[in-house]
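In: Sequence first, predicted coordinates after that:
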Amino acid sequence: MTAPLAEEAARLLERLRERGPRVHCLMNTVVRKLVADGLSALGAVPSMTDAPEEVEAFVGKADALCVNLGTLDAARRAGIDRAVARAGEARKPWLLDPAHCDYSPARTAYAAGLLARRPAVLRANAAEFALLAMPEDVVAVRTGETDRIALGAKAVAISNGHPLTARVTGTGCLSGALAAAFLALDAPPFAAAVAAMLALGVAAQEAATTARGPGSFEPALIDALFNLSPEDIRREARIDHDQSGL
Ligand SMILES: Nc1ncnc2c1ncn2[C@@H]1O[C@H](COP(=O)(O)OP(=O)(O)O)[C@@H](O)[C@H]1O
Ligand SMILES: Cc1ncsc1CCOP(=O)(O)O
Ligand SMILES: [Mg+2]
């Protein structure tokens, strides 16, 4: 039965709205605004500084960390390394999005090294996911037309969403950041990932009812995240056990 998972997601959305968790994002430079707006619209509080000399203080103030590799340079790598270390010391959950690790062997290797430091969740698209060996104890989220979430033998497939989501740059990054927002509630990582994919998928369906293309879909998606209710998740969730494996 998957109905309990949808119910858990609906309750996590209620809790997120009550608590307004802080999420520190080491986000690529392309999509910061969309990701910050999406987190705020849902009810979380984003911060995005990645300067190595400041990042530990920001992680210390946050309830969870989202590490996205979409744009990297030496300073950003130094910031990521310090942020992940601080999250480990402070026992704050963190999520890894190995964005574009399929474009460069150096980035693939860096992503594998970060995965060995055990984020609670890895969120990747299919091409990125195919290059990484998943540790058994890390929740795997592979997005696409169907979002698949797995932890060891436990796996579900979520078929909410709308194809326009894939035509707006940054929605994958946003899906990871939303999962970090649910992780920030101290939710079990599998439940946090399910809640995030349902929230974004159901919001995308609503946004698509008024959008005329990707340009108007983007603000409609932010509005839909703001207006999303726990009841919307209970009613719309399309979630199945996944036998196919990731
Ligand atoms: N064909 C599709 N139909 C519906 N939703 C999709 C489709 N492709 C991707 N998505 C959604 O778009 C978002 C980004 O996913 P994806 O394209 O896999 O990541 P990325 O942007 O990192 O490449 C996710 O929320 C995913 O569910
Ligand atoms: C286009 C681009 N280039 C480097 S990071 C980035 C954004 C990727 O965002 P997403 O994978 O969420 O579409
Ligand atoms: Mg991506």
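Out: Alright, I've got the coordinates. Since we're looking at a predicted model, the values are computed, not measured. Ligands and ions are numbered 1, 2, ... in the order given.

In: When you work out contacts or count neighbours from here on, use the C-alpha atoms and nothing else.
Out: Fine.

In: longest helix in the chain, by residue count?
Out: Under DSSP state H, the helix in the chain containing the largest number of residues is helix 189-208.

In: Let me see the contact set for the spatially most central residue of the chain.
Out: Nearest to the geometric centre of the chain sits Gly176, at 1.4 Å (Cα atoms, centre = their mean). Shown in contact with Gly176 (Cα atoms under 8 Å, 6 or more residues apart in numbering): Cys66, Leu95, Leu96, Asp97, Arg123, Ala196.

In: could you redo the residues you listed as JSON lines and give each row pLDDT?
Out: Below are the contacts of Gly176 laid out as JSON lines (pLDDT from 0 to 100):
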{"residue": "Cys66", "pLDDT": "99"}
{"residue": "Leu95", "pLDDT": "99"}
{"residue": "Leu96", "pLDDT": "99"}
{"residue": "Asp97", "pLDDT": "99"}
{"residue": "Arg123", "pLDDT": "98"}
{"residue": "Ala196", "pLDDT": "99"}
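
In: What about those residues, which are in helices?
Out: Per DSSP H, the contacts of Gly176 map to helices at Ala196.

In: who wins for neighbours among the contacts of Gly176?
Out: Most neighbours among those, by other Cα atoms under 10 Å: Cys66, with 31 neighbours.

In: now that one: how far from Pro98?
Out: Per Cα to Cα, to the nearest Å, Cys66 is found 11 Å from Pro98.

In: Can you list the low-confidence ranges for the protein?
Out: Along the chain, the model assigns pLDDT under 70 to residues 1.

In: quick one: furthest residue from the center of it?
Out: Taking Cα atoms, centre = their mean, the residue of the chain most remote from its mean C-alpha position is Arg212, at 25.9 Å.
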